[in-house]
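J.: sequence and predicted structure below; questions after.
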Amino acid sequence: MKVIAVELSKADAYRDDWYGYARNQLAHFALGVTTASILSQMYFIVMGEFAHKVGLWLIIAAGYAAFELIYQGWRGRDTLEDWLFFAFYGAGLPIFLFHEVEVGSPALVINSQMVIPVFGVVFCHLAGGILSRIQRTN
């Protein structure tokens, strides 16, 4: 958890450090998944059903955008990538891939046809960032 906190607190695009970039974006991704999962579970405990998917995602996406802009300010592509890995990929993954079996049941099912394409997009984005940094340092 300490590594995630350190990685997220740095206002750094890691332009010349592919490993730092990968750690930073994976930390954003992990925290996005965790945030969406915890908020979904809290909503379920209080309301007896899962939150509306789009509404929950918009709250997380807007909240994280506000946090990034207030805490670190606009840093162009770095801010956009941080938001994408946290809100779009990280929070979006559990929110939009998992579906409740029936209202009021904590049982969830996953849309397995979407797992590989979604992770493919995340992997390609991460790999592209890593490769661009490797090329820049060579």
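T.: Right, received. Where do you want to start?
J.: what about the strands in the chain?
T.: Listed from the start of the chain, the chain has strands (DSSP state E) covering 98-100, 108-110.
J.: of those, flag the one that's most buried.
T.: Mean neighbour counts were taken over the strands of the chain using mean count of other Cβ atoms under 10 Å, and the top value, a mean of 15, falls to strand 98-100. (Each C-beta comes from the backbone N, C-alpha and C, glycine too.)
J.: quick one: average pLDDT of that strand?
T.: pLDDT averaged over strand 98-100 equals 92, rounded to a whole number.
J.: go on, stretch 72-90?
T.: Averaging pLDDT residue by residue across stretch 72-90 gives 95.
J.: could you do stretch 56-65 as well?
T.: The average pLDDT for stretch 56-65 rounds to 98.
J.: same deal with stretch 111-121?
T.: Here the average pLDDT along stretch 111-121 is 90.
J.: just the C-alphas of that stretch, formatted as CSV.
T.: What follows is stretch 111-121 as a C-alpha-only set of coordinates in CSV (Å, rounded to 0.1, in the frame of the first residue of the first chain):
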residue,chain,number,x,y,z
ASN,A,111,-19.1,-10.6,-19.0
SER,A,112,-16.3,-12.9,-20.0
GLN,A,113,-16.4,-11.9,-23.6
MET,A,114,-15.2,-8.4,-22.7
VAL,A,115,-12.4,-9.3,-20.3
ILE,A,116,-9.7,-9.9,-23.0
PRO,A,117,-10.6,-6.9,-25.1
VAL,A,118,-10.6,-4.6,-22.0
PHE,A,119,-7.3,-5.9,-20.7
GLY,A,120,-6.0,-5.7,-24.2
VAL,A,121,-6.7,-2.0,-24.4
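J.: understood, closing this out.
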